[in-house]
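Peer 1: A structural model of the following input is requested.
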Amino acid sequence: MNNKLAKQIKNMTPDDFYKIINSDGNNEIKDWLAKLGSERIDEMFDPSLIIERSINCWRMMGYSEQWITNKIVEIVDKTSTQ
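Peer 2: Numbering: from 1, shown residues only. Next up is the predicted model:
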């Protein structure tokens with residue numbers, strides 16, 4: 001996804017997404033939404049994909065491998081005590 005599209009999507013409301021889905025054109029955003037929906041459905045059946053996506057996002061954001069490891073441990077500890 002290009003930066004211009006990313007900036008557009010970041011500022012959108014749910015109502016904006018509904019309008020795009022029901023409109024002609026904007027195929028780049030529609031394709032992105034379809035891909036996103038497909039990925040989230042896949043994650044429902046294989047939750048390890050959520051962890052992979054999170055790790056990749058943290059890497060793109062510049063977090064260190066040690067920070068990522070600590071974050072995963074923190075999440076596991078938090079969920080195991082609930």
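
Peer 1: tell me, how many neighbours does I29 end up with?
Peer 2: Here the number of neighbours of I29 (other C-beta atoms under 10 Å) works out to 19. Quick note: C-beta positions are derived from backbone N, CA and C, even for glycine.

Peer 1: Which residue is the nearest non-sequential neighbour of it?
Peer 2: Leaving aside its sequence neighbours, I29 sits nearest to I20 (C-beta to C-beta, 6 or more residues apart in numbering; 5.4 Å).

Peer 1: packing partners for the lengthiest helix in the chain?
Peer 2: Longest helix in the chain by number of residues (criterion: DSSP state H): helix 27-45. Applying 3 or more C-beta pairs under 8 Å, 6 or more residues apart in numbering; DSSP states H and E, one finds that helix 27-45 contacts helix 3-10, helix 14-21, helix 48-60.

Peer 1: So M12, which state does it fall into?
Peer 2: Classification of M12 by DSSP: H, G, I helix; E, B strand; the rest coil places it in coil.

Peer 1: Least confident secondary structure element in this protein?
Peer 2: When the helices and strands of the chain are compared on mean pLDDT, DSSP states H and E, helix 3-10 comes out lowest with a mean of 75.

Peer 1: Specify the angle between that helix and helix 14-21 in degrees.
Peer 2: 120 degrees (axes from the mean of the first three to the mean of the last three C-alpha atoms, to 10 degrees).

Peer 1: distance of M44 from N22?
Peer 2: As for M44, its distance to N22 is 25 Å (criterion: C-beta to C-beta, to the nearest Å).

Peer 1: low-scoring stretches of this protein, by residue?
Peer 2: Across the chain, the ranges flagged by pLDDT under 70 are 1-2.

Peer 1: Which segments of it make up each domain?
Peer 2: By the assignment in automatic domain parsing, the chain contains the domains 1-35, 46-82.

Peer 1: Would you mark the buried spots in the longest one?
Peer 2: This points to domain 46-82. Neighbour-count burial for domain 46-82, counted by 16 or more other C-beta atoms under 10 Å, picks out 55, 58, 68.

Peer 1: got the contact list for the first one?
Peer 2: Spelled out, that is I55. Residues counted as contacts of I55 (C-beta atoms under 8 Å, 6 or more residues apart in numbering) are 68, 72.
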